[in-house]
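> sharing a model prediction with you, sequence too.
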Amino acid sequence: MVAQGDVLFRRVDAIPDGFSAAQPEGGRHILAHSETGHHHVVDASDAIRFEGSNPLVAYLRLESDTADVTHLRSFDTHGMVCLEGGKGAIWEVRRQREWDGAAERSAAD
């Protein structure tokens with residue numbers, strides 16, 4: 001396992017049923033949207049993102065030997081994370097959750 005800010009990556013054996021491939025945005029997959037624009041991203045040529053009904057959980061299937069996850073912020077940035085395992089490796093992507101008193105939601109900046 002490895003974390004980058006409020007995003008946790010965990011190597012798994014397979015993508016569960018109910019997840020489908022998502023389209024990249026601008027040549028990259030946004031793994032964690034930030035309301036301030038400081039997204040966590042991976043290049044679309046390195047991995048395919050799979051989404052399901054829970055917006056706080058996704059999966060990545062590597063399309064190359066490694067995939068670098070970058071935090072798009074020029075200051076106080078989280079260091080780059082390198083996901084390994086070779087082509088075909090599967091990584092679960094989990095967003096941090098917080099409780100706002102009424103419901104669970106993704107952590108906010």
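Yes, it's here.
> which secondary structure element is home to the residue most central in space within the chain?
Residue closest to the average C-alpha location in the chain (Cα atoms, centre = their mean): Leu31, at 3.2 Å. Using DSSP states H and E, Leu31 maps to strand 28-32.
> who's in contact with that strand?
5-7, 22, 39-44, 47-49, 58, 60, 69, 93, 95, 106 (Cβ atoms under 8 Å, 6 or more residues apart in numbering). (Each C-beta comes from the backbone N, C-alpha and C, glycine too.)
> just those residues: which are in strands?
7, 40-43, 47-49, 58, 60, 69, 93, 95, 106 (DSSP state E).
> among the residues you listed, which two are most distant?
Every pair in the ones in strands among the contacts of strand 28-32 was compared (Cβ to Cβ); the two farthest apart turn out to be Asp43 and Ser106, at 22.7 Å.
> which stretches of the protein have low pLDDT?
When the per-residue scores of the chain are filtered using pLDDT under 70, the ranges that remain are 4, 33-38, 73-79, 96-109.
> give me that answer again for 80
Within the chain, the ranges that satisfy pLDDT under 80 run 2-6, 32-40, 71-80, 96-109.
> just the buried subset of the contacts of strand 28-32, written out for PyMOL, thanks.
Selection of buried members from these for PyMOL, criterion 16 or more other Cβ atoms under 10 Å:
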select buried, resi 5+6+7+39+40+41+42+43+44+47+48+49+58+60+69+93+95+106
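> close enough to count as contact, Gly51 and Gln23?
No Gly there; residue 51 is Glu. No: with contact taken as Cβ atoms under 8 Å, Glu51 and Gln23 are classed as non-touching, separated by 9.9 Å.
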